[in-house]
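**Student:** let me see the structure of the following:
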Amino acid sequence: MSPTRAPRAAFAWWGATACWFLGSLLGGRRTAVEAAVPLPVAILAYAVCAGLWAALTYGVYRGVKGTRVALAVVGALGVADLVLQLFADIAVGAVLHGAFFLAALLLSAAGFVLLFRPR
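**Tutor:** Predicted coordinates for the structure are as follows:
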């Protein structure tokens, strides 16, 4: 199978990455692990994770072989994590965090649809 580009899917995934990053930064720190880490370290960790995700998405954008499958596998795990965090946000009442993560979930769903749609 020849590698194919998926630019619209990449844009949806990049938008989901931006929403996740902003939601993680602006949503507050609720867990004991998040409270134990100093803020600059947390920001650096979020930036590294978002950068790695954006690099994988860039591979899909360029049509690099194997990145579509890798993005699908890692993206499914990310979507599962977003769903769990949304339930936690609903239980705690974290509206800002939940809004950004809901947007990330919707953009991720759009990314999946655009990634595997027939051409």
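
**Student:** give me the pLDDT value at the closest residue to residue 37 other than its chain neighbours.
**Tutor:** The shortest distance from residue 37 to any non-neighbouring residue, by CB to CB, 6 or more residues apart in numbering, is to residue 45 (7.5 Å). C-beta here means a position set from N, CA and C on the backbone, and glycine is covered the same way. You'll see residue 45 listed with a pLDDT of 84.

**Student:** any idea how far residue 45 lies from residue 8?
**Tutor:** To residue 8, residue 45 is 29 Å away according to CB to CB, to the nearest Å.

**Student:** and the longest helix seen in the chain, what other elements does it pack with?
**Tutor:** For the chain, the helix that runs over the most residues, judged by DSSP state H, is helix 67-92. Judged by 3 or more CB pairs under 8 Å, 6 or more residues apart in numbering; DSSP states H and E, helix 67-92 is in contact with helix 7-26, helix 39-62, helix 95-115.

**Student:** flag the shaky bits of this protein, pLDDT-wise.
**Tutor:** Judged by pLDDT under 70, the chain has its weakly predicted residues at 1-5, 28-33, 119.

**Student:** about what we covered before: in the longest helix of the chain, what's buried?
**Tutor:** For helix 67-92, a neighbour-count test (16 or more other CB atoms under 10 Å) marks 67-68, 71, 75, 78-79, 82, 85-86, 89 as buried.
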